[in-house]
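A.B. asks: predicted structure and sequence below. I'll ask about it afterward.
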Amino acid sequence: MRPFSFTKAGDKATAIKVISEAEEGKFIAGGTNLLDLMKFDIMHPAHLVDITGVALKNIEALEGGGLRLGALASNADTAYHTEVEKRYPLLSQAILAGASPQLRNKATDGGNLLQRTRCYYFYDPATPCNKREPGTGCSAINGYNRWHAIFGASEECIATHPSDMCVALAALEAKVQVTGPDGDRIIPFEDFHRLPGNTPEKDSNLYENEMITAIDLPPKGFSENFTYIKNRDRASYSFALVSVAVGLDIKEGKIMEARIVLGGVAHKPWRNKEAEALLENMKSTKKNFENVADAIVSEAKAYEYNQFKIELARRSIIRALMQAAKTEE
Amino acid sequence: MIKPKPNQPEPADFSVEKREVNLTINGVKQEIEVEVWTSILDLLREHLHLTGTKKGCDHGQCGACTVLLDGTRINSCLTLAVMHEGAEITTIEGLAKGEELHPVQEAFIEHDAFQCGYCTPGQICSAIGLINEGKAKSLDDIRDLMSGNICRCGAYNNITKVVQEALERSRT
């Protein structure tokens, strides 16, 4: 790790002021991803601003029926929070599918959104990587790309976003509250992360020196018909090859609204609203679910070693929809 | 200028900011001066010579460095000591009461839940954290909730048995 200087900030205003004045500054909270990357010499901030003393740990009800997750609430406290378990079980399930208990105890909700890709070329400073060092090239595109994207990738980068929590947050249409030198703003979840395009070094649309303060969940939690399926190389403590979050609103045997978001397949949680709309006013039959799955994977593009992900995604979508709708085979 | 000894690296030509941090470690309150980049793991091992907590991967992948921070299990390798002013840390050295072992330590011996022993301090702290959390109900839950601790000797069967037994005992 390279040397850095360190400040503790006790409130938001101080945190923003310190980071704006620092050269190559970074916020640190849980630190489970940032410190790992600093040890590998992938990230090397010259200054760290510790924001764990800022009062953003609470999970509280919002007027109008939603729930606000403080940016500094731990992943574990969020997943096991009674309101989250009861009203947003999809989120709880997704969080618990990720990382290990030790990491979930430390990792924060805001930090979960900002975790970086697990592309092994990104993690290896001996290889070219446009995300790590813009302009050097992508080692994955013609390399061993088994873990990589099948949707929305570019010639510059085929990395995937590693979060499970974010897949559920995308399905729930959460809103990200942020603050920065130019004040507060709200970013809809689908606009928070970005596709790589020709600037893969940017993971999100957060401006420089902005910090996440909260994640707001809308009232609708899909707590009756939901599921999170995560396919990975071992049963626990491994990143997703393909994951699927599904939330269905079913009334009198008909689907009113469907949310289907995939993880482990793109630079951001992958959602196809046109495909979701195919289920509106439809019955929960396997045939209907197969049509949607086919529509979603029709846009997929595989590389040499991740061809299997397309069929895995198709089958996972069908199974997730069947589970969420409680449809029998 | 002092010449480096043969086969020794030259002294580093940089310095890292230092801070005082107050921590209660295994019940002993202490003020320690550390460099800001020092992890809790390095503080325990290098500064306090509490070498029971192991450095396996140093990247949060193996769980050998698991300690209890204010009663909660964490990877001590992935957190900075300076970020924990006033915290209470319990390591494997702080579990026994004198000659009397912690029940989970006792159970590890009784069930032969280790071979080389390198992962054991982390496994034991993790098991105590799991019991404190109170979320494991079945054997599958235990396997899932102990998956942050790798055992390369493969003593998982007996580790799982120990945790199950300790969990049942903690309920009665």
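C.D. replies: Received, thanks.

A.B. asks: only C-alpha atoms for contact and neighbour calcs from this point on.
C.D. replies: Will do.

A.B. asks: can you pull out the low-pLDDT segments for the stretch 101-250 of chain A?
C.D. replies: Judged by pLDDT under 70, the stretch 101-250 of chain A has no weakly predicted residues.

A.B. asks: so which residue is dead centre in chain A?
C.D. replies: A:C166 (2.7 Å; CA atoms, centre = their mean).

A.B. asks: so it belongs to a helix, correct?
C.D. replies: Yes. According to DSSP: H, G, I helix; E, B strand; the rest coil, A:C166 belongs to a helix.

A.B. asks: now do the strands in chain B.
C.D. replies: In chain B, the strands defined using DSSP state E lie at B:18-25, B:28-35, B:66-69, B:72-75, B:88-90.

A.B. asks: nearest to chain A, out of the ones you listed?
C.D. replies: strand B:72-75 (4.3 Å; CA to the nearest CA).

A.B. asks: which residues are contacting the closest one?
C.D. replies: Strand B:72-75 has contacts (CA atoms under 8 Å, 6 or more residues apart in numbering or on different chains) with A:101-103, A:105-106, B:60, B:63, B:65-68, B:125-126, B:129-130, B:132-133.

A.B. asks: may I have the phi/psi pair for A:A324?
C.D. replies: With angles defined as degrees, to the nearest 10, A:A324 sits at phi -70, psi -40.

A.B. asks: show me the contacts for the nearest residue to A:K8 once chain neighbours are set aside.
C.D. replies: Counting by CA to CA, 6 or more residues apart in numbering or on different chains, A:D50 is the residue found nearest to A:K8 once chain neighbours are left out, at 4.7 Å. Applying CA under 8 Å, 6+ apart, we find A:D50 in contact with A:6-9, A:27-29, B:83.

A.B. asks: neighbour count, secondary structure and distance to B:H111 for those residues - can I get that in CSV?
C.D. replies: Below are these laid out as CSV (neighbours: other CA atoms under 10 Å in any protein chain shown; DSSP: H, G, I helix; E, B strand; the rest coil; distance: CA to CA, whole Å):
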residue, neighbour count, secondary structure, distance to B:H111
A:F6, 23, strand, 46
A:T7, 18, strand, 47
A:K8, 19, strand, 46
A:A9, 20, coil, 48
A:F27, 26, strand, 45
A:I28, 22, strand, 41
A:A29, 26, coil, 39
B:M83, 22, helix, 38
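
A.B. asks: CSV please, covering these and showing distance to B:R169.
C.D. replies: Shown next, in CSV, are those (distance: CA to CA, whole Å):
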residue, distance to B:R169
A:F6, 45
A:T7, 45
A:K8, 42
A:A9, 43
A:F27, 42
A:I28, 39
A:A29, 36
B:M83, 35
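
A.B. asks: would CSV of these with distance to A:T179 and pLDDT be doable?
C.D. replies: Converted to CSV, the contacts of A:D50 look like this (distance: CA to CA, whole Å; pLDDT from 0 to 100):
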residue, distance to A:T179, pLDDT
A:F6, 21, 97
A:T7, 19, 97
A:K8, 18, 98
A:A9, 15, 98
A:F27, 13, 98
A:I28, 16, 98
A:A29, 16, 98
B:M83, 22, 98
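
A.B. asks: between those residues, which sits nearest B:P11?
C.D. replies: Comparing the contacts of A:D50 against B:P11 with CA to CA picks out A:F6 as the nearest, at 23.3 Å.

A.B. asks: quick one: neighbours of the residue nearest to that closest one when sequence neighbours are not counted, just the number.
C.D. replies: Distances taken as CA to CA, 6+ apart place A:L48 nearest to A:F6, at 4.9 Å, with adjacent residues excluded. Close neighbours of A:L48, defined as other CA atoms under 10 Å in any protein chain shown, add up to 22.

A.B. asks: which residues does A:L48 contact?
C.D. replies: A:L48 neighbours (CA under 8 Å, 6+ apart): A:4-7, A:25-28.

A.B. asks: now it: which helix or strand?
C.D. replies: For A:L48, the host element (DSSP states H and E) is strand A:47-50.

A.B. asks: point out where chain B drops to low pLDDT.
C.D. replies: Applying pLDDT under 70 to chain B flags residues B:1-4.

A.B. asks: and stretch A:262-274, end to end?
C.D. replies: End-to-end distance of stretch A:262-274: 15 Å, with CA to CA, to the nearest Å as the criterion.
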